[in-house]
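**Student:** Okay, sequence plus prediction incoming.
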Amino acid sequence: MATEQTAREVSGFDEPALWRANLGTAFCDLVPAPLDHEVPPEGTLRGLELGGAAVFTVSGSPQAVRRTTTAARHSPTDMLKVCVQLRGRATVHQDDREIVLDPGQFAVYDMARPYALRLEGTWTCAVMAVRRDLIAVPAARLPGAMSRAYPSGQGLGLLLAQFITSTVSQMDCVEAAAAGKLGEAGACLLAGSLAGDGGAAAAGGTQVLRDRVMAYIRDRLEDPRLSRSTVAAAHRMSPRTLDRVFGGQEWSVSGYIRHERLEAVRRDLENPALLHRGVAALAARWCFFDAAHFSRLFRDAYGYPPSHARPGRPPRAEGTGAALVAGS
């Protein structure tokens with residue numbers, strides 16, 4: 001017990017029962033729970049009401065926090081919540097969305113509906129809750145705006161993060177008459193951050209993001225570690241979110257990687273300057289290490305064996321190859 005008390009004094013966190021009570025009061029019955037059967041969660045928060053908004057800095061030990069369906073029904077609210085990750089990692093789960101936040105990123109989610117956050121490491125977040133009607137963003141765009149992470153290390157995202165943390169640090173100096181105006185300022189910064197998010201705004205942002213991901217894949221085709229999971233991690237999103245970015249396209253993420261690698265092999269096979277290199281060696285360059293498997297994939301894609309792609313071979317029967325693992 002003495003060891004636990006000393007650790008708590010060093011961390012500055014409230015003990016579990018007090019942390020649970022403070023968290024639930026501040027965020028409409030939000031409930032903390034141990035992460036992966038670890039010790040009971042601890043944390044601390046400081047906050048300030050700003051008329052139709054409120055700002056907080058929140059820190060804690062590893063844990064999960066949840067707003068349950070019961071809480072959403074018994075404690076209704078019309079607030080949107082912004083989480084700016086300052087330390088540690090957070091994963092936001094709401095509806096079918098999963099957004100991973102590392103330091104330098106923020107996300108927006110709806111306090112009116114159930115949600116959960118997985119908070120890893122010793123973490124700190126800057127949080128703003130703001131009434132939905134104060135956000136000058138069309139209602140039809142909000143679902144898209146809540147589907148991804150935004151940068152908080154530059155531009156309006158940086159101003160938003162600094163606004164939250166600076167306001168909390170000066171909370172003892174904020175007079176009641178100014179609080180409402182500060183809340184309006186925070187809502188304007190949030191609306192601006194959502195509308196101008198560094199080239200991937202909610203309207204049309206999916207196409208921009210997909211193009212960025214596809215360029216990333218094309219630049220790394222020779223890397224055997226390239227996969228759906230590593231591409232998702234590189235873009236600070238979950239694999240499921242990445243799948244949605246490619247939803248309705250000709251190829252899935254894995255299918256696009258395979259297609260581009262096959263195209264790279266085909267170009268090498270057709271290059272007279274590479275006639276001295278065998279088919280298996282050219283395939284391995286693009287991460288096809290099983291010759292038989294590669295041959296089947298190539299024939300399925302193009303309608304002829306890899307050897308027939310080499311200069312000087314007999315005319316070949318062209319295949320469309322369009323169905324190559326489009327849904328894999």
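**Tutor:** That came through, no problem.
**Student:** pLDDT-wise, which helix or strand of the protein ranks last?
**Tutor:** helix 2-11 (a mean of 39; mean pLDDT, DSSP states H and E).
**Student:** average pLDDT across the following helix or strand past that helix?
**Tutor:** Using DSSP states H and E, the helix or strand that follows helix 2-11 towards the C-terminus is helix 16-26. Averaging pLDDT along helix 16-26 gives 93.
**Student:** residues making contact with helix 16-26?
**Tutor:** Contact with helix 16-26 is made by 13-14, 30-32, 40-45, 47, 54, 56, 60, 65, as judged by Cβ atoms under 8 Å, 6 or more residues apart in numbering. The way it works is simple: take the backbone N, C-alpha and C, and place the C-beta from them, glycine included.
**Student:** Go again with 6 Å.
**Tutor:** 30, 32, 40, 42-43, 45, 47 (Cβ atoms under 6 Å, 6 or more residues apart in numbering).
**Student:** The helix or strand following it pairs with which strands, and in what direction?
**Tutor:** Using DSSP H and E, the helix or strand that follows helix 16-26 in sequence is strand 31-34. Sheet pairing of strand 31-34 (DSSP bridges) gives strand 63-67 (antiparallel).
**Student:** Check the offset of the partner strand from the chain's centre.
**Tutor:** 18 Å (Cα atoms, centre = their mean, to the nearest Å).
**Student:** which of the residues in that strand are buried?
**Tutor:** 63-67 (16 or more other Cβ atoms under 10 Å).
**Student:** relative to helix 16-26, how tilted is that strand?
**Tutor:** Orientation of strand 63-67 against helix 16-26 (axes from the mean of the first three to the mean of the last three Cα atoms, to 10 degrees) gives an angle of 40 degrees.
**Student:** Using CSV, write out every CA atom in strand 63-67.
**Tutor:** This file holds the C-alpha atoms of strand 63-67, laid out as CSV (Å, rounded to 0.1, in the frame of the first residue of the first chain):
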residue,chain,number,x,y,z
GLN,A,63,-6.8,2.2,-19.3
ALA,A,64,-10.0,2.1,-21.4
VAL,A,65,-12.8,4.6,-20.9
ARG,A,66,-16.3,4.0,-22.2
ARG,A,67,-19.6,5.9,-22.6
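**Student:** I would like the residues contacting the helix or strand that that strand is followed by, please.
**Tutor:** Once the chain leaves strand 63-67, the next helix or strand it forms, by DSSP H and E, is helix 69-74. If you take Cβ under 6 Å, 6+ apart as the criterion, helix 69-74 is touched by 29, 113-114.
**Student:** ok, of these, which come out buried?
**Tutor:** Buried, going by 16+ other Cβ under 10 Å: 29, 114, out of these.
**Student:** and which of the contacts of helix 69-74 is nearest Phe163?
**Tutor:** Minimum distance to Phe163 across the contacts of helix 69-74 is 25.4 Å, recorded for Arg113 (Cβ to Cβ).
**Student:** Once you drop chain neighbours, what's closest to that closest one?
**Tutor:** Nearest non-adjacent residue to Arg113, counting by Cβ to Cβ, 6 or more residues apart in numbering: Ala72, 5.9 Å away.
**Student:** Run a quick neighbour tally on the one you found.
**Tutor:** 18 (other Cβ atoms under 10 Å).
**Student:** Go ahead and confirm Gly157 touches Ser193.
**Tutor:** Yes: under the criterion of Cβ atoms under 6 Å, Gly157 makes contact with Ser193 at 5.1 Å.
**Student:** Just the pLDDT for the residue nearest the centre of the chain.
**Tutor:** Of all residues in the chain, the one closest to the mean position by Cα atoms, centre = their mean is Met237, 3.0 Å from it. For Met237, the pLDDT comes out at 81.
**Student:** And the helices in the stretch 151-300 of the chain?
**Tutor:** Listed in chain order, the helices found in the stretch 151-300 of the chain under DSSP state H, counting those that start in this stretch are 155-169, 176-195, 205-218, 228-234, 239-245, 253-269, 279-285, 291-302.
**Student:** what would those look like in a markdown table with mean neighbour count?
**Tutor:** Formatted as a markdown table, those follow (neighbours: other Cβ atoms under 10 Å):
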| stretch | mean neighbour count |
| --- | --- |
| helix 155-169 | 19 |
| helix 176-195 | 18 |
| helix 205-218 | 15 |
| helix 228-234 | 17 |
| helix 239-245 | 17 |
| helix 253-269 | 20 |
| helix 279-285 | 18 |
| helix 291-302 | 17 |
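**Student:** so who does the closest residue to Val92 other than its chain neighbours touch?
**Tutor:** Once flanking residues are discounted, Val92 sits nearest to Ile99: 4.5 Å by Cβ to Cβ, 6+ apart. Contacts of Ile99 were listed using Cβ under 6 Å, 6+ apart, and they are 92, 107, 149.
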